[in-house]
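>>> here is a sequence together with a model predicted from it:
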Amino acid sequence: MHSLLLTVDGSRAATNAVKYVINLLHNGYSAHVHVLHVLPIVFPVSDFEFPDYALIEKAQKQQAKHILDAACKLLEEAGIEHTRHVESGPISQTIVNYANKHHCEQIIMGTRGMSTFGNWILGSTATQVAHLANMPVTLVK
């Protein structure tokens, strides 16, 4: 059976990516879906900013649960077999590392549609994943 990595971040584009996967699987493609949300690492700027990292981590995990619950609910309602995962780290590299580790044949993710200028200045997670991955990456708006 094939294996797909579906990354979700709570955005409308990520929800569209979930719907894309549902459509793909309902139209004859057979795959197990890994649903992944990546928590960014929060680094201290100084000793006085963000003094309670446990509180930040707790809030991140609650948000991750909410994001995964919403995506997985759509998959469950569609009868799609899936597993859910939360990882921490540099987002783009963590996505690609996860895909490699779990032998995913494709990464499917939403893109927030940042402007060309914003993309040039900041880069985007989707662009970075596409450059780092050694498997197909499908970007959904």
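Good, I have the coordinates.

>>> what helix or strand does residue 5 sit in?
Element membership of residue 5 [criterion: DSSP states H and E] is strand 2-7.

>>> show me what the helix ranked longest in the chain is packed up against.
Counting by DSSP state H, the longest helix found in the chain is helix 53-77. On a contact count with 3 or more C-beta pairs under 8 Å, 6 or more residues apart in numbering; DSSP states H and E, helix 53-77 meets helix 12-26, strand 31-39, strand 82-88. For the C-beta atoms, the positions are set from N, CA and C on the backbone; glycine is no exception.

>>> of those, which is nearest residue 102?
Evaluated over these, closeness to residue 102 peaks at strand 31-39, with 5.8 Å, by C-beta to C-beta.

>>> average model confidence for the closest one?
Mean per-residue pLDDT for strand 31-39: 96.

>>> next: stretch 62-72.
On average, stretch 62-72 scores 97.

>>> which outside residues touch it?
Contacting residues not belonging to stretch 62-72 are listed as 6, 8-10, 14-15, 18, 35, 37, 39, 82, 84, 86 [C-beta atoms under 8 Å, 6 or more residues apart in numbering].

>>> got the CA coordinates for it in PDB?
Output of stretch 62-72 as PDB, limited to C-alpha atoms (Å, rounded to 0.1, in the frame of the first residue of the first chain):
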ATOM      1  CA  GLN A  62      -3.100  22.100  22.700                       C
ATOM      2  CA  GLN A  63      -3.100  24.000  19.400                       C
ATOM      3  CA  ALA A  64      -1.600  21.000  17.700                       C
ATOM      4  CA  LYS A  65      -4.300  18.700  19.100                       C
ATOM      5  CA  HIS A  66      -7.000  21.100  17.900                       C
ATOM      6  CA  ILE A  67      -5.500  21.300  14.400                       C
ATOM      7  CA  LEU A  68      -5.100  17.500  14.100                       C
ATOM      8  CA  ASP A  69      -8.600  16.900  15.500                       C
ATOM      9  CA  ALA A  70     -10.100  19.100  12.800                       C
ATOM     10  CA  ALA A  71      -8.100  17.400  10.000                       C
ATOM     11  CA  CYS A  72      -8.600  13.900  11.200                       C
END
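
>>> how far off centre is that stretch?
For stretch 62-72, the distance from its own C-alpha centre to the chain's C-alpha centre is 11 Å (C-alpha atoms, centre = their mean, to the nearest Å).
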